[in-house]
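> Show me how the following folds:
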Amino acid sequence: MELKMESVSFGYGRTGPDVIHDINLELNEPGLYCIIGPNGVGKSTMIKCINRIFKPRSGRVLLNGTDVSQMRLKEVSRLIGYVPVSTNDVFSMPVMDAILLGRQNRTRWRTTPEDIDIVNRVMRMFNIQDLAMSSFNHLSAGQHQKVAICRGIVQEPEMLILDEPTANLDVQHQVYVTELLRGMAIQEGMIVLMISHDLNITAKYAHKVIVMDGGTIVETGLPEEVITEDLINRIYNVECKIEMHQGKPHIVLGSVLSI
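Alright, predicted model coming up:
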């Protein structure tokens, strides 16, 4: 899988200002890539340009060399699984059926034993197999999030994009899910691109970190190269101290520099 973003800009409406501008990014190796940056800098907008939810004002997004604007949505969904930051989905159906919806482009609504096997395997990965016949509408926010992630994975995409996938999870499950996504990226040869607000989890598990500020990408590199005291001060406006642990930066936060 190869993703290229070439000078991509996007804004809402015909005359609104650009939310993101001059985005250049190339990903062509399996791994966990974490996008970090303050609220409102265009992280979610950028990933929605990748999977054709938004059409860039200028520039282009290429998937395996093909301009995504020239691809059908069905083609894009075969390559990219997408898990939004939160879901307002209402499914009056069992959890297994809600996850099976992720197989739609492959099954054409005809469920096969292979589909059931894949769904069962992914539910076991996330320890929700006991919820298989529970009503989706009766789940907690954290359980909803796990189901949404499972639905993205069972698509068997070449790239999985997640917008704050651990937002509704407790600390134990934040770590567990992030470890799982990192391992899956390597084992399945997949690009996993996720937005994260937890700098320490990002520093520990990301293969590469993509830093956004002011609507564009300002840094890309290994966690130990990118996550520095200067960057945290400059981007987040917060004092901090970086301590290295097993070769990875650990951020000890201080005071807000100014409001």
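> which helices and strands sit right next to the strand or helix carrying Ile99?
If you go by DSSP states H and E, Ile99 is part of helix 95-100. For helix 95-100, the contact count by 3 or more Cβ pairs under 8 Å, 6 or more residues apart in numbering; DSSP states H and E identifies helix 113-125, helix 141-153 as packing neighbours. The C-beta positions use only the backbone N, C-alpha and C, and glycine is treated the same way.
> ok, residues contacting it?
With contact meaning Cβ atoms under 8 Å, 6 or more residues apart in numbering, helix 95-100 is reached by 89, 91, 107, 111, 115, 119, 122-123, 128, 131-136, 139, 147, 150-151, 154.
> send the alpha carbons of it over as CSV?
The C-alpha trace of helix 95-100 is given here as CSV (Å, rounded to 0.1, in the frame of the first residue of the first chain):
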residue,chain,number,x,y,z
VAL,A,95,-23.1,-6.9,17.9
MET,A,96,-22.0,-9.7,15.5
ASP,A,97,-24.3,-8.3,12.8
ALA,A,98,-23.1,-4.7,13.4
ILE,A,99,-19.5,-5.9,12.9
LEU,A,100,-20.5,-7.9,9.8
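> Which of the helices and strands packed on helix 95-100 comes out lowest on mean pLDDT?
The weakest mean pLDDT among those belongs to helix 141-153, with a mean of 91.
> Give me the buried positions along that one.
Using 16 or more other Cβ atoms under 10 Å as the test for burial, helix 141-153 gives 143-153.
> what do you get for stretch 79-86?
79-84.
> Equivalent analysis for stretch 8-19, please.
8-11, 18-19.
> Now Gln145: closest residue in space that isn't a chain neighbour?
Spatial nearest neighbour of Gln145, excluding adjacent residues (Cβ to Cβ, 6 or more residues apart in numbering): Asn168 at 4.5 Å.
> does the one you found belong to a helix or a strand, and which?
Applying DSSP H and E, one finds Asn168 in no helix or strand.
> Could you count how many residues lie near Ile50?
24 (other Cβ atoms under 10 Å).
> State the distance from it to Met96.
29 Å (Cβ to Cβ, to the nearest Å).
> can you give me the helices for the stretch 1-150 of the chain?
43-50, 73-79, 95-100, 104-107, 113-125, 141-153 (DSSP state H, counting those that start in this stretch).
> Now do the third one, average pLDDT.
It stands for helix 95-100. 93.
> Repeat that for stretch 217-227.
On average, stretch 217-227 scores 97.
> Over to stretch 41-61?
pLDDT averaged over stretch 41-61 gives 96.
> i'd like the first residue to be 36 from this point on
Taking 36 as the first residue, the last one we looked at is stretch 76-96.
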